[in-house]
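1. Provide a 3D model corresponding to the input given below.
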Amino acid sequence: MPVDTTNQLALHNARKSQLDRSSLYIETFLAGLDPMGDHARVACPTCHHQPDGPLFKKRKGEYAHCPQCDHIFLLNPLAPEKLISFYTNYPTSSLEWHQNESDFYRRIYQRGIKLFSPHCSGSRLLDIGCSSGYFLSIAAQEGLDAFGIEPNAQEARYAVTNGIKVIGSTIDDLSPDEQGFDVISLWDVLEHIREPVSYVANLRNLLSNKGLVFVQVPTSDSLAARILRDDCNMFDGIEHLTLFSSRSLDIAFDKAGFSCLVKQSVISEVHAIRNYLSYQADPYIATPVSPFEAAFLDADSLENSGLGYKIQAVYRLNP
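-> So this is what the prediction gives:
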């Protein structure tokens with residue numbers, strides 16, 4: 001049964017069984033890694049600055065902060081073939097989130113559509129990493145001609161069964177006839193990409209002349225990330241290779257040939273922040289007797305100040 005995701009405690013408690021399954025898999029996977037041979041060593045993926053050392057560690061991942069662009073990234077990401085192996089056998093999927101938390105995802109997807117719609121020159125949309133197709137079903141209801149690509153075979157089959165137009169597993173599968181999109185959406189995708197600038201630059205060939213890219217990413221600007229650090233779910237030490245600030249996101253897209261049109265901060269994470277400041281061991285599923293209260297811990301205030309957990313932004317292809 002879908003959970004009431006306006007209740008953050010109920011949301012995180014409902015996620016716990018899935019996270020427990022994931023944690024067991026991750027522990028087993030990490031135990032089999034070669035600490036030297038299975039990791040790379042990288043500089044900041046947006047400005048190429050090399051920090052002195054890690055800011056903190058999570059599992060076996062070392063997160064560094066770039067002082068030049070406020071970007072946070074894994075200094076020692078897994079080698080590409082190891083990361084593919086990690087994803088291939090992962091025990092949970094976005095399909096489960098969409099089914100259990102449909103009200104949350106509907107609200108956040110509708111906010112994204114409202115952000116990019118005024119800037120669209122047409123209706124053809126491509127969603128990269130469309131999962132179960134839930135976003136595409138909402139986009140179609142809003143009058144968009146919606147297509148998706150999805151590498152996970154199980155999720156792609158589910159989407160097609162439910163009438164979603166899945167046209168490939170990666171962007172390399174798209175023929176010239178399937179290009180010329182007015183909008184490309186990247187919902188929580190770019191943080192998984194090791195070289196985001198070159199990845200975004202490759203999207204230019206798929207867009208119409210006035211094409212847009214809509215992106216949602218977890219952000220290092222987040223108050224929850226700044227306070228909780230390694231206790232924040234944003235930092236997993238494996239999958240989230242790169243965590244953009246508002247500034248580093250603009251830098252990446254500028255280098256790739258795009259200009260920012262509009263941007264907003266979403267998902268306050270007030271629940272977790274209050275619990276953490278109340279000295280709870282697990283800020284996501286805690287129930288403090290006397291929760292920490294402060295006037296600035298207001299969901300709307302945090303989002304309006306750019307301190308939300310994620311950024312939604314719209315970029316237009318430069319002429």
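2. is residue 86 located within a helix, as I assumed?
-> Yes: if the criterion is DSSP: H, G, I helix; E, B strand; the rest coil, then residue 86 is within a helix.
3. contact partners for it?
-> 29, 78, 238-239 (Cβ atoms under 8 Å, 6 or more residues apart in numbering). Heads up, the C-betas are built off the backbone N, CA and C, glycines and all.
4. mind listing what's buried in the helix or strand hosting residue 109?
-> Following DSSP states H and E, the helix or strand that holds residue 109 is helix 102-116. Buried positions in helix 102-116, judged by neighbour count with 16 or more other Cβ atoms under 10 Å: 104-106, 108-109, 112-113, 115-116.
5. ok, stretch 208-215 next?
-> Quick answer for stretch 208-215 (16+ other Cβ under 10 Å): 211-215.
6. what do you get for stretch 132-151?
-> Result for stretch 132-151 [16+ other Cβ under 10 Å]: buried residues 132-140, 144, 146-150.
7. bridged to residue 260, which residues?
-> Beta-bridge partners for residue 260, by DSSP bridges, are residue 315.
8. for it, give its distance to residue 87.
-> 30 Å (Cβ to Cβ, to the nearest Å).
9. and for residue 194?
-> Applying Cβ to Cβ to residue 194 and residue 87 gives a distance of 13 Å.
10. before we move on, what about residue 269?
-> On the measure of Cβ to Cβ, residue 269 and residue 87 end up 25 Å apart.
11. so which of these two has more stuff around it?
-> Counting neighbours by other Cβ atoms under 10 Å for residue 269 and for residue 87 shows that residue 269 has the greater number, 26 against 12.
12. and the pLDDT for the more buried one?
-> In this model, residue 269 is scored at 93, pLDDT.
13. list the contacts for the residue nearest to residue 111 when sequence neighbours are not counted?
-> Of all residues not flanking residue 111 in the chain, residue 266 sits nearest, at 6.3 Å (Cβ to Cβ, 6 or more residues apart in numbering). Contacts for residue 266 (Cβ under 8 Å, 6+ apart) come out as 108, 111, 216, 303, 308-312.
14. look up the pLDDT of residue 266 for me, please.
-> The predicted local confidence for residue 266 is 96.
15. quick check: it vs residue 302, distance?
-> Distance from residue 266 to residue 302, by Cβ to Cβ: 10 Å.
16. find the residues that touch each one of those two.
-> residue 308.
17. now residue 215: phi and psi?
-> phi -140, psi 140 (degrees, to the nearest 10).
18. list the contacts of it.
-> So residue 215 contacts 185-186, 189-190, 249, 311-313, 315 (Cβ under 8 Å, 6+ apart).
19. and what of residue 45?
-> Counting by Cβ under 8 Å, 6+ apart, residue 45 has contacts 71, 73, 194-197, 241-242, 252.
20. from those residues, which land in strands?
-> Of the contacts of residue 45, the ones assigned to strands by DSSP state E are 71, 73, 242.
21. and the last one, what does it touch?
-> Contacts for residue 242 were tallied using Cβ under 8 Å, 6+ apart; they are 45-46, 71-74, 190-191, 193-194, 196.
22. ok, and the closest non-adjacent residue to the spatially most central residue of the chain?
-> When Cα atoms, centre = their mean is applied to the chain, the residue found nearest the centroid is residue 188 (2.2 Å). Once flanking residues are discounted, residue 188 sits nearest to residue 216: 5.8 Å by Cβ to Cβ, 6+ apart.
23. surely the one you found is in a helix?
-> No: assessed with three-state DSSP, residue 216 is strand; it does not lie in a helix.
24. from memory it sits against residue 112, does it?
-> Yes: Residue 216 lies in contact with residue 112 (Cβ atoms under 8 Å); the separation is 6.3 Å.
25. name the residues contacting each of these two.
-> Common neighbours of residue 216 and residue 112 (Cβ under 8 Å, 6+ apart) are 187, 312.
26. for the stretch 1-150 of the chain, which segments count as strands?
-> Per DSSP state E, counting those that start in this stretch, the stretch 1-150 of the chain carries strands over the ranges 56-58, 61-66, 71-74, 124-128, 145-149.
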